[in-house]
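Visitor: only the shape, not the letters, is given here:
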Ligand SMILES: Cc1cc2nc3c(=O)[nH]c(=O)nc-3n(C[C@H](O)[C@H](O)[C@H](O)COP(=O)(O)OP(=O)(O)OC[C@H]3O[C@@H](n4cnc5c(N)ncnc54)[C@H](O)[C@@H]3O)c2cc1C
């Protein structure tokens, strides 16, 4: 477990070696410059498309590479070890596709996935709002059903103001289109992404039961980008606000049924959290490798600083953190691969994401310490690793929320 390829079969080892060689050659060299200039390099998405990585964990039947969840963690760890920002862009792109693979109609899959797989379109996942982060079910972006003539449908499915008997209770799902109004914040890959999975509510008083998912294209009238998020880390992965002001989305772009959006979101987040755990493992490993090399390089008091026992213990503990993160990440992926019930996968994913992101924070902080002043300089790129780690304790569910999910699993409480 000290080596990323320990215990892998020949196919997985070849996959890991291929992605590592690619990441070191193509992704790692520009990482410091991209962070300094906050530059999203779209060509890297194209390069990952050529390797077949953009739909890595999806079945071949929908155009994916058919990788298991475990194999996908190997890929993501290698990309993140080269640049966490690129790994997060990739993970978000895959998170966008995941619900389309799970919930999409054959027509939606055929229409939506190929451009994403080829890297011609980049995907984003739009859940968070100014008043709804951890409490995602409190989101306020409104989806108003419209009839074929563009007029609003009432709660009973009739056009507002129409006379005659009420329509059937489910008539509203026959809406021809939906009008979206509201604001999303912190949406990774925006504004560069062309495709957005947007969660909106038909009725805020219904909580999670009102939430519905929509596939929205950049350029839709009434949909624009707000402020760019000025981030501490992963600065080469863009993030921005989305503003919906009367954006009309055809009903053919509703993913899942009305009111199923919260389940759509949760169904993808288990896989997403395992991938983020793998990215954190790669980030922590990168910091460990940099620090270990520096302990041989740097001399003090007539010897390599690798001779100092205090630092030797720190390196050992950093390796322990990386190995623990990797073990829990692969454990969660194995839980997913054996088809365990959703709640079990969710708890394993939470445990892995929380542990791995905390490990990344600790290992990258220790790496800065082991580098001394050089670690604090932006020139060496070690402080970047520490800044990149912090966000992972917050996005895809804060680590406090993940403690709650694990506690629910242990105490036998069904999440509400
Ligand atoms: C770099 C970055 C990228 C992101 N990318 C995306 C994206 O692509 N798409 C998207 O939709 N969102 C994205 N987000 C948003 C992210 O998902 C939210 O920031 C996160 O869910 C936390 O929500 P919040 O910021 O509103 O914090 P809050 O929910 O307001 O949390 C504030 C504090 O309260 C704690 N807290 C909240 N609820 C509980 C609880 N039940 N138990 C214990 N403690 C609790 C939190 O842990 C935190 O410490 C991103 C965020 C960041 C930082």
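Guide: That came through fine. Just so we're clear, the structure is a prediction, and the values are computed from it rather than from any experiment.
Visitor: do stretch 283-291 and the ligand meet at all?
Guide: No. Contact of stretch 283-291 with the ligand (Cβ under 6 Å from any ligand atom) is absent, the minimum separation being 13.3 Å. In short, each C-beta sits where N, CA and C put it, glycine included.
Visitor: what residues of that stretch count as buried?
Guide: In terms of neighbour count (16 or more other Cβ atoms under 10 Å), stretch 283-291 has its buried residues at 283, 284, 285, 286, 287, 288, 290, 291.
Visitor: what does stretch 117-136 give?
Guide: Buried-residue list, stretch 117-136, by 16+ other Cβ under 10 Å: 117, 119, 121-129, 132-133, 136.
Visitor: of those, which are in range of the ligand?
Guide: Within these, those near the ligand by Cβ under 6 Å from any ligand atom are 125, 126, 127, 128, 133.
Visitor: in strands only, show me these.
Guide: 125, 126 (DSSP state E).
Visitor: that's a strand at residue 143, yeah?
Guide: Yes. According to DSSP: H, G, I helix; E, B strand; the rest coil, residue 143 belongs to a strand.
Visitor: neighbours around the closest residue to it other than its chain neighbours, how many?
Guide: Leaving aside its chain neighbours, residue 143 sits nearest to residue 200 (3.8 Å; criterion: Cβ to Cβ, 6 or more residues apart in numbering). Neighbour count for residue 200, taken as other Cβ atoms under 10 Å: 28.
Visitor: nearest to the ligand within the stretch 51-200 of the chain, name that residue for me.
Guide: Nearest residue of the stretch 51-200 of the chain to the ligand: residue 133, at 1.8 Å (Cβ to the nearest ligand atom).
Visitor: give the contact list for that residue.
Guide: Residue 133 makes contacts with 186, 398, as judged by Cβ atoms under 8 Å, 6 or more residues apart in numbering.
Visitor: next up, phi/psi of it, please.
Guide: Note on residue 133: backbone dihedrals following degrees, to the nearest 10 are phi -110, psi -90.
Visitor: got a pLDDT number for it?
Guide: Looking at residue 133, its pLDDT reads 97.
Visitor: roughly how far apart are it and residue 184?
Guide: Look at residue 133 and residue 184: by Cβ to Cβ, to the nearest Å, they are 11 Å apart.
Visitor: repeat that for residue 320.
Guide: Taken as Cβ to Cβ, the span from residue 320 to residue 184 is 39 Å.
Visitor: neighbour count winner among the two?
Guide: residue 184 (26 against 14).
Visitor: is that one in a helix, a strand, or coil?
Guide: Assignment for residue 184 (three-state DSSP): strand.
Visitor: heads up, I number from 3, so please use that
Guide: Shifting the count to begin at 3 puts that one at residue 186.
Visitor: so what's it bridging to?
Guide: residue 244 (DSSP bridges).
Visitor: list phi and psi for the nearest residue to residue 116 once chain neighbours are set aside.
Guide: Among residues not flanking residue 116 along the chain, residue 65 sits closest, at 6.3 Å (Cβ to Cβ, 6+ apart). As for residue 65, its main-chain torsions (degrees, to the nearest 10) stand at phi 90, psi 0.
Visitor: hang on, residue 65 packs against residue 56?
Guide: No. With contact defined as Cβ atoms under 8 Å, residue 65 does not count as touching residue 56 (9.9 Å).
Visitor: who touches both of those two?
Guide: The contact lists of residue 65 and residue 56 share residue 119, where a contact means Cβ under 8 Å, 6+ apart.
Visitor: more neighbours: those two, which one.
Guide: residue 56 (26 against 20).
Visitor: does that one belong to a helix, a strand or coil?
Guide: Residue 56 is classified as coil under three-state DSSP.
Visitor: so what's it scoring on pLDDT?
Guide: Model confidence at residue 56 (pLDDT) stands at 98.
Visitor: show me what contacts it?
Guide: 47, 50, 92, 95, 96, 118, 119, 120, 121.
Visitor: so which of the buried residues of stretch 285-293 sit within helices?
Guide: If you go by DSSP state H, the buried residues of stretch 285-293 have 285, 286, 287, 288, 289, 290, 292, 293 in helices.
Visitor: quick check: the residue nearest to residue 24 when sequence neighbours are not counted vs residue 330, distance?
Guide: Leaving out its chain neighbours, the residue that sits closest to residue 24 by Cβ to Cβ, 6+ apart is residue 53, at 6.0 Å. For residue 53, the distance to residue 330 (Cβ to Cβ) stands at 27 Å.
Visitor: and for residue 222?
Guide: Residue 222 is 40 Å from residue 330, by Cβ to Cβ.
Visitor: more neighbours, these two?
Guide: Comparing residue 222 with residue 330 by neighbour count (other Cβ under 10 Å), the higher total belongs to residue 330, at 22 against 16.
Visitor: hang on, residue 199 in a strand?
Guide: Yes. Counting by three-state DSSP, residue 199 is found in a strand.
Visitor: and it, how many neighbours does it have?
Guide: Residue 199, neighbours per other Cβ under 10 Å, totals 27.
Visitor: swap in residue 98?
Guide: So residue 98, with other Cβ under 10 Å, has 26 neighbours.
Visitor: list the contacts of it.
Guide: Applying Cβ under 8 Å, 6+ apart, the residues near residue 98 are 118, 125, 126, 127, 191, 195, 197, 198, 199.
Visitor: next, format the contacts of residue 56 as a markdown table and append secondary structure and pLDDT.
Guide: What follows is these, written out as a markdown table (DSSP: H, G, I helix; E, B strand; the rest coil; pLDDT from 0 to 100):
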| residue | secondary structure | pLDDT |
| --- | --- | --- |
| 47 | helix | 98 |
| 50 | helix | 98 |
| 92 | helix | 98 |
| 95 | helix | 98 |
| 96 | helix | 98 |
| 118 | helix | 98 |
| 119 | helix | 98 |
| 120 | coil | 98 |
| 121 | coil | 98 |
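Visitor: and the furthest pair within the ones in helices among the buried residues of stretch 285-293?
Guide: Across these, the longest distance by Cβ to Cβ is 12.9 Å; it joins 285 and 293.
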